[in-house]
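*Asks:* Here is my input; please provide its structure:
(one chain, ligands or ions: 2)
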Amino acid sequence: MRIKTLKAKIIKNSRNENTIQITINKKFKASVPSGASTGTHEVKAYKKTAKYAVDYLNKHHDHWKNKSFDEFYDLETFENLNLGGNPILALQLTTLKAMSNNKIYKYLNPKSKILPTPLGNVIGGGSHTKLKSSDIQEFLLIPKAKTFKERYLANKHAYKEIKKKLNTKKLTDEGAFIPNISTTETLDFLNNYLQDKVLGIKINLGLDIAASEFYKNKTYNYKNFSKSNKTNKLKKQEQINLVNSWISDYNLKYVEDPLEQEDFRGFSKLDQRALICGDDLITTNIKRLKSAMQQKSINSIIIKPNQIGSLIKTKEIVDFAHSHNIKTIISHRSGETLDSSISHLAVAWKIPYIKTGIFGKERESKLKELLKIENEIKA
Ligand code: 2PG
Ligand code: MG
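*Replies:* Numbering: from 1, shown residues only. Ligands and ions are numbered 1, 2, ... in the order given. Down below sits the predicted model:
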């Protein structure tokens, strides 16, 4: 198959920011998200702007006209474009959709049969809202059930029940609730709620602390810590002690970015009975993963293709992690689109977890795609 037409255009992501969408042969479309709590070591989403990338691609037909899909997918073709991580990924994903007739998971791995566990963002704050909120960016629901459908339904049900209990309509960028309570009260509330099974399913609690967002002058600065102590300033060792006590007290199974993004040594002091996950620490970069492994900083990593700006490099780090017993969590971004390619990649690359929101069309598109894939695999 060959590229006959390729059109780039600007669309809005869920935060109403510009992003790029590519359409190949009028039928295959892909778009890419952007983050708010971006790590320092991420590649730039756009070297200039999304508009610049769109105009460039629409002008330079010579890059793609009549190329075969395979030839086009070649990494060099894209990297030399020098437009930033997001345009490259949009091109690669659209090509992959064209090559696979929109069945990326099957094309990449015809034997796919394992569905990921969703980490569902139910309560949030930090840099995902401008409103007064919890210091922790995401409180995540991790359901334990056999099928993806059961996990999906349990999280959805929990989300609805939590909404009733919190009685709030305020939402973060990722569709998580912003209750009018402090960080530690939120932990107590969720821990309490999760004592009972939901639709017969045990749900565990996880956190994305996104600690770099409130780390300044060598101090973790909590603005909404507890009912009695609104502010709290913690030194590195105090932050480590606090997170370790949360892991035991709340039986946390997952903690992402508990410390700032350069503290490889500090990460290694966290209780690895939980998944200790590097997002800003690693930024889907294999060099940073190797440093983290040397220092035993983590036992799991976030996978965000647009942090590294190449699908080929993303696959490389996933394989490397799996062969060294590091768990992977593929993740949405806070400014999302309807594109559900990460659901396909999770299944194709045997990624055990997918982090998305529970509510909102951009988040649900990933979950619904997984429901569809599970049905196809079972059939
Ligand atoms: C994160 C992400 C997604 P952002 O920190 O893990 O939840 O946020 O896309 O803003 O970096
Ligand atoms: Mg994160």
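
*Asks:* For this protein, which residue gets nearest to ligand 1?
*Replies:* G35 (2.9 Å; Cβ to the nearest ligand atom). Every C-beta, even on glycine, is put in place using the N, C-alpha and C of the backbone.

*Asks:* these two touch, right, that residue and H332?
*Replies:* No: with contact defined as Cβ atoms under 8 Å, G35 does not reach H332; the gap is 9.5 Å.

*Asks:* Touching both of those two, which residues are there?
*Replies:* Shared contacts of G35 and H332, defined by Cβ atoms under 8 Å, 6 or more residues apart in numbering, are absent.

*Asks:* ok, which residues in the stretch 101-250 of the chain are in contact with ligand 2?
*Replies:* Residues of the stretch 101-250 of the chain that fall close to ligand 2, judged by Cβ under 5 Å from the ion: D208.

*Asks:* what's the burial count for K372?
*Replies:* When neighbours are counted by other Cβ atoms under 10 Å, K372 registers 12.

*Asks:* and what of W64?
*Replies:* 20.

*Asks:* Equivalent analysis for E262, please.
*Replies:* The burial count for E262: 13, using other Cβ under 10 Å.

*Asks:* I'd assumed it was in a helix, is it?
*Replies:* No: counting by DSSP: H, G, I helix; E, B strand; the rest coil, E262 is not part of a helix but coil.

*Asks:* Just give me how far stretch 284-294 sits from the chain centre.
*Replies:* Centroid separation for stretch 284-294 versus its chain: 18 Å, with Cα atoms, centre = their mean, to the nearest Å.

*Asks:* brain fart, stretch 222-235
*Replies:* With Cα atoms, centre = their mean, you get 27 Å for stretch 222-235.

*Asks:* now stretch 39-57
*Replies:* The answer for stretch 39-57 is 19 Å, by Cα atoms, centre = their mean.

*Asks:* From one end of it to the other, what's the distance?
*Replies:* Length of stretch 39-57, first residue to last, Cα to Cα, to the nearest Å: 27 Å.

*Asks:* when you scan it, is anything in it near ligand 1?
*Replies:* No: with Cβ under 6 Å from any ligand atom as the criterion, ligand 1 is not reached by stretch 39-57; the gap is at least 7.5 Å.

*Asks:* Please spell out which residues along that stretch are buried.
*Replies:* 39, 41-43, 45-47, 50, 53-54, 56-57 (16 or more other Cβ atoms under 10 Å).

*Asks:* Need phi/psi at the residue of the stretch 151-300 of the chain found nearest ligand 2.
*Replies:* As assessed by Cβ to the ion, ligand 2 sits closest to D279 within the stretch 151-300 of the chain, at 3.5 Å. With angles defined as degrees, to the nearest 10, D279 sits at phi -110, psi -80.

*Asks:* To what extent is it buried, counted in neighbours?
*Replies:* 30.

*Asks:* do the one 4 residues further on as well
*Replies:* Neighbour count of T283, defined by other Cβ under 10 Å: 22.

*Asks:* The strand or helix carrying I302 pairs with which strands?
*Replies:* In this structure, I302 sits in strand 300-303 according to DSSP states H and E. Strand partners for strand 300-303, identified by DSSP bridges, are recorded as strand 275-278 (parallel), strand 327-331 (parallel).

*Asks:* Any chance of the ones you listed in a markdown table with mean neighbour count as columns?
*Replies:* Formatted as a markdown table, these follow (neighbours: other Cβ atoms under 10 Å):
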| stretch | mean neighbour count |
| --- | --- |
| strand 275-278 | 26 |
| strand 327-331 | 24 |
